[in-house]
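Asks: return a 3D structure for these sequence lines:
(3 chains)
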Amino acid sequence: MTQAPIKITPQLVKEHGLKPDEYDRFVKLIGREPTITELGIVSAMWNEHCSYKSSKKWLKTLPTTGKRVIQGPGENAGVIDIGDGDAIVFKMESHNHPSFIEPYQGSATGVGGILRDVFTMGARPIAALNALRFGAPEHPRTRHLVSGVVAGIGGYGNSFGVPTVGGEVNFHPRYNGNILVNAMAVGLARTDGIFYSKATGVGLPVVYLGAKTGRDGIHGATMASAEFDDKAEEKRPTVQVGDPFTEKCLLEACLELMASGAVIAIQDMGAAGLTCSAVEMGAKGDLGIDLDLDKVPCREEGMTAYEMMLSESQERMLMVLRPEKEKEAEAIFRKWGLDFAIVGYTTDTLRFRISHQGELKADLPIKELGDQAPEYDRPWTEPAQPAFIDPDTIPTPNDLKPAILKILGSPDMCSRRWVWEQYDHLIQSNTAQIPGGDAAVVRIAGKKAIAVTTDVTPRYVEADPFEGGKQAVAECWRNLTSVGAEPIALTDNLNFGNPERPEIMGQFVKAIAGIREACLALNFPVVSGNVSLYNETNGQAILPTPAIGGVGLLPDLSVMATIAFKAAGDSIVLIGGHGSHIGQSIYLREILGREEGAPPPVDLGRERRHGDFVRKIIRARKVTAVHDISDGGLAQCLAEMALASGTLGAEIALDAHAPHIALFAEDQARYVVTCTAEGARALVEEAWDAGIAAEQIGEVAAAGGLIVWPGASISHEELRNAHEGWFPGFMGVNPA
Amino acid sequence: MISAVIVFPGINRETDMMQALEATTGTKPVAVWHAETELPPVDLVVVPGGFSYGDYLRCGAIAARSPIMNDVRAKAARGLKILGVCNGFQILTEAGLLPGALIRNAGLRFVCRQVKLRVENTRTFFTNRLNQGDVVRCPIAHGEGNYVCDEETLSSLEGEGRVVFRYVEGNPNGATNDIAGIVNKTGNVIGMMPHPENMIEPLHGATDCRPLFESLLAA
Amino acid sequence: MKARIKVTLKKGVLDPQGKAIQGALGSMGFAGVEGVRQGKYFEVDLAETDKSKAMTTVKAMCDKLIANTVIENYEIELA
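Replies: Below is the predicted model of the structure:
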């Protein structure tokens, strides 16, 4: 069936998310009115998600190189060298909006997409993490969203066979209308076995692999597709459904195919599937691509060129293959029960040409679609400076115990066991630290391991985007350090509101500046990332949430540190001194109901010095447990160390003048470590010699619980009930 | 002791199992693709964990009808030792090699955590190095591990001592009589939901399940 | 009154289960299977005796719980 050509009206252009000046630019570029298929293609390529048009100017300022960086941003994922010919391939990406619409499938396909990004580069996924943000617990949709998102992440990752080892879960009313689902995947490859998306060679077959194409997730196109067919209801943009089984088969088939030497270039079909992947392969390789859509394996009847080009059906790949290996490649895919079709060829024309049913549906310049897409310098305003909160104005509570327990059992601070027990965190047999510590640790081979974590404190970024940006990177770096790893590189997932509002753009600009400064100071480059803008509903934006996913290297697992207390009588040593910064603290929010003030400033020199010292004493086997101090302060840190041990506790003494400040301040660059009683003095002196504040504040107690002099005595059971109680209670869990 | 590990599309713990078998028995197992029609000559066949065919239709249902399963059934009838773990257990029940079925966890969610198992029968090829009543720590990772069977089967399992492992200090999935693993009447087919292959070296937090694999050498 | 509810995936929504079952039927030798779509079936016993009131209630049940109307359709039969 053929349709009469569709008239491109200003309304249709608007529906495709193109601004009038962008459309004019496009018409000028091609010298005529576009076809509907061309309009669809350009809307996909020039939208924020594919083109990074609002963010590119600022992303370019981030440090992306380093002696271990093999591939920085711009490919499917970043690649770092961890020695011995091993490479780690990783990236984090958002699937926010789809997860809000359909939490199970949205989060599942988010996980599927990021896993594909990683194995597209030749790496076998060895770890997955996810940074999740939900609305207020009391919001009517929150429970449904938490339940669906967690089940979707588990449903996909567990079936695919990757251990989900870490992440974050936060609640805040500012996410009521826009939840965040940021999924990170980490893969292992050989440094000489990395595959890229850049096509080389003219006249080579472009091969479609994986699952069939349906009308999944065709966005911005509601009206256009309605015009194609009267039965519009049945053809409305549909939710993408994940198929982890097909993806697992695709993984095995791709790795087998790569090992056979048949692959020249490979690109995952993610957002705007066929369009984005083909344009990227061609544009990067300075080649044209001709596609024949009659060859595309379709799941549904009567799909138009427009629909095929914009479909976001999952579990699909595009490759350029060596022609002589075509038969071998096809056999591998048939063995795994996957579709395999030659859908086009590379050309030397630099044109992107699409034919369907004997008609040329699109003929566009490929470079201008891809790496020469528009770029904006959006206006932005300087964020207001928040006021410093004088700790002396915060009264000492009569009783510290209820405050400690309330924080420990609060939605943001309680145990996430309910979440991570739904994720298979053990598969592949290499998980050396399960969720619940500072960073997850996954063995690579022999003694070598990597540490992985995701971090950001959105309320800090909201209060002061620059300091908050720095803090996100610093905390990630600190968490990797706390297990004994050397932080190597990071991926960022920058979630913000509408960049057309100058104050939101200001948050973005300043947060990036903070991230940049921290990356430089900590020698912690950005190798991949993703930007998610327009996260707002009715003019209310999310808290700015630049999630940072870090990877560190542990050369020797035998000196890995964990947060659990190890032996009664061990000394508890505070590295980095007592805190005094209470602005934006959990204490202020949970106990006094105030979300105010400046977040703790991040002194990056101090951060580096303290972290390097902690890593050194871990590797010299001088400490028995390590935990960084972050949200909730010293009290939360000690409680978590006690709970992780199972039975042991802490007895500490504090300055009687303001014990609540010492317990709950969230000053940065601080750690609690334990060591044998005999080793304590030498450890403290070693810190002093390095110019680092350190003091013994107490010791590990056989009795369990937390005793703070003066003022609080909490049993192990009270700690545990507070920490473990909230999440299952909130989700209404039946016991089994 | 030569073993074969069967690989179905969607299986994902075959590498864990093969590494555990090699580490504990000293011999590298053979991987056998589901489309094969005949098993190689081996002493033990392991059906590993994972999500064969995505667990679609019913867990293990499609894999149980794979070509290789005909030969597994035939050789099991002649006494070949078969071990099914997690999805492998589900496949063996679907294939009719073990009685009962595994249904959705009572809590309705996938659960990955360490549990405790009491060894109830030490006369099997997988438990002969343990003592009756020994308790071992072992992880589980499943969404459908709730063992059910009819009254008659249950009384025969219990009466004949064919419950091999039982959950203690908490039943993670609602399994009837806390059943975590069973053996067939002739003693050569064992199925269990927990993952002993993930509890054999210090990195796993404990080595409690090593003796299970070491039992294979004595059998 | 008894409501019989059939929940099926909307046309065009990928059905991984149906796809895997179709593949398995083929490899087991059942030739000519051109498609498999999986759905769910429910029987709900109601105290209501008025058919149109029952229909309204059951529709609400489907919209709010039994079906995920983002990806599923439902059909109700009352008897």
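Asks: list the buried residues in the one helix or strand in chain C whose mean pLDDT sits lowest.
Replies: When the helices and strands of chain C are scored by mean pLDDT, DSSP states H and E, helix C:16-27 comes last with a mean of 88. Neighbour counts using 16 or more other CB atoms under 10 Å in any protein chain shown place C:16-25 of helix C:16-27 among the buried residues. In this view, the C-beta of every residue, glycine as well, is placed from N, C-alpha and C.
Asks: kindly identify which of these also come near chain A.
Replies: C:16, C:19-20, C:23 (CB under 8 Å from any CB of the partner chain).
Asks: looking at those residues, spot the one nearest chain A.
Replies: When these are compared for distance to chain A (CB to the nearest CB), C:Pro16 comes out closest, at 3.7 Å.
Asks: how far away is the closest one from B:Leu57?
Replies: For C:Pro16, the distance to B:Leu57 (CB to CB, to the nearest Å) stands at 11 Å.
Asks: what does stretch B:18-31 rub up against?
Replies: With CB atoms under 8 Å, 6 or more residues apart in numbering or on different chains as the test, stretch B:18-31 has contacts from A:429, B:1-5, B:7, B:14, B:17, B:40, B:42, B:46, B:196-198, B:200-201, B:210, B:213-214, B:216-217.
Asks: quote the end-to-end distance of it.
Replies: End-to-end distance of stretch B:18-31 (CA to CA, to the nearest Å): 8 Å.
Asks: how many neighbours does A:Gly729 have?
Replies: Applying other CB atoms under 10 Å in any protein chain shown, we find 12 residues neighbouring A:Gly729.
Asks: pull the residues that contact whichever strand or helix holds it.
Replies: Using DSSP states H and E, A:Gly729 falls within helix A:716-731. For helix A:716-731, contacts defined as CB under 8 Å, 6+ apart pick out A:137, A:143, A:146-147, A:405-406, A:408-411, A:414-419, A:639-640, A:642-643, A:647, A:649, A:703-706.
Asks: need the buried ones from those residues selected in PyMOL.
Replies: Only the buried entries of these go into this PyMOL selection, using 16+ other CB under 10 Å:
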select buried, chain A and resi 137+146+147+405+408+409+410+411+414+415+416+418+419+639+640+642+643+649+704+705+706
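Asks: so which of the contacts of helix A:716-731 sit within strands?
Replies: A:649, A:705-706 (DSSP state E).
Asks: could you dump these into TSV and include pLDDT and distance to chain B?
Replies: Formatted as TSV, the ones in strands among the contacts of helix A:716-731 follow (pLDDT from 0 to 100; distance: CB to the nearest CB, whole Å):
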residue	pLDDT	distance to chain B
A:Gly649	97	22
A:Gly705	94	22
A:Leu706	96	25
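Asks: now A:Ala658. Nearest residue, chain neighbours left out?
Replies: Nearest residue to A:Ala658 in three dimensions, chain neighbours excluded: A:Thr396, at 6.2 Å (CB to CB, 6 or more residues apart in numbering or on different chains).
Asks: what secondary structure does that neighbour sit in?
Replies: With DSSP: H, G, I helix; E, B strand; the rest coil as the basis, A:Thr396 sits in coil.
Asks: repeat that for A:Met258.
Replies: Three-state call for A:Met258 (three-state DSSP): helix.
Asks: that one contacts A:Ile194, doesn't it?
Replies: No. If you go by CB atoms under 8 Å, A:Met258 and A:Ile194 don't touch, sitting 9.7 Å apart.
Asks: okay, these two: which has more neighbours?
Replies: Using other CB under 10 Å, the more surrounded residue of A:Met258 and A:Ile194 is A:Met258, with 21 against 18.
Asks: for A:Met121, see how far away that one is.
Replies: 9 Å.
Asks: so, low pLDDT: which residues of chain B?
Replies: B:219 (pLDDT under 70).
Asks: can you give me the helices in it?
Replies: Secondary structure of chain B, counting by DSSP state H: helices at B:14-25, B:67-77, B:87-94, B:151-159, B:210-218.
Asks: would you turn these into JSON lines with distance to A:His97 and mean neighbour count?
Replies: Formatted as JSON lines, the helices of chain B follow (distance: least, CB to CB, whole Å; neighbours: other CB atoms under 10 Å in any protein chain shown):
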{"stretch": "helix B:14-25", "distance to A:His97": "36", "mean neighbour count": "21"}
{"stretch": "helix B:67-77", "distance to A:His97": "43", "mean neighbour count": "17"}
{"stretch": "helix B:87-94", "distance to A:His97": "34", "mean neighbour count": "29"}
{"stretch": "helix B:151-159", "distance to A:His97": "49", "mean neighbour count": "13"}
{"stretch": "helix B:210-218", "distance to A:His97": "47", "mean neighbour count": "19"}
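Asks: A:His16: which of the ones you listed is closest?
Replies: When the helices of chain B are compared by CB to CB, helix B:87-94 sits nearest A:His16, at 45.1 Å.
Asks: by contact count, what packs against the closest one?
Replies: If contacts are counted by 3 or more CB pairs under 8 Å, 6 or more residues apart in numbering or on different chains; DSSP states H and E, helix B:87-94 sits against strand B:44-47, strand B:81-85, strand B:101-103, strand B:189-192.
Asks: could you export those to TSV, including columns for mean neighbour count and distance to A:Gly593?
Replies: Below are the helices and strands packed on helix B:87-94 laid out as TSV (neighbours: other CB atoms under 10 Å in any protein chain shown; distance: least, CB to CB, whole Å):
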stretch	mean neighbour count	distance to A:Gly593
strand B:44-47	27	56
strand B:81-85	27	51
strand B:101-103	20	46
strand B:189-192	27	51
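Asks: adding distance to A:Asp464, write the ones you listed out as CSV.
Replies: Formatted as CSV, the helices and strands packed on helix B:87-94 follow (distance: least, CB to CB, whole Å):
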stretch, distance to A:Asp464
strand B:44-47, 56
strand B:81-85, 52
strand B:101-103, 52
strand B:189-192, 54
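Asks: those strands: which one's closest to A:Ser311?
Replies: Closest approach to A:Ser311 among the helices and strands packed on helix B:87-94 is made by strand B:101-103 (36.2 Å; CB to CB).
Asks: check whether the closest one comes into contact with chain C.
Replies: No. Strand B:101-103 stays clear of chain C (CB under 8 Å from any CB), getting no nearer than 15.9 Å.
Asks: burial check on the residue lying closest to A:Ile394 once chain neighbours are set aside, number of neighbours?
Replies: Closest residue to A:Ile394 apart from its sequence neighbours, by CB to CB, 6+ apart: A:Ile582 at 5.6 Å. Using other CB under 10 Å, the number of residues around A:Ile582 comes to 29.
Asks: ok, now which ones touch A:Ile582?
Replies: Neighbours of A:Ile582 in contact, by CB under 8 Å, 6+ apart: A:389, A:391, A:394, A:588, A:597, A:661, A:664-666.
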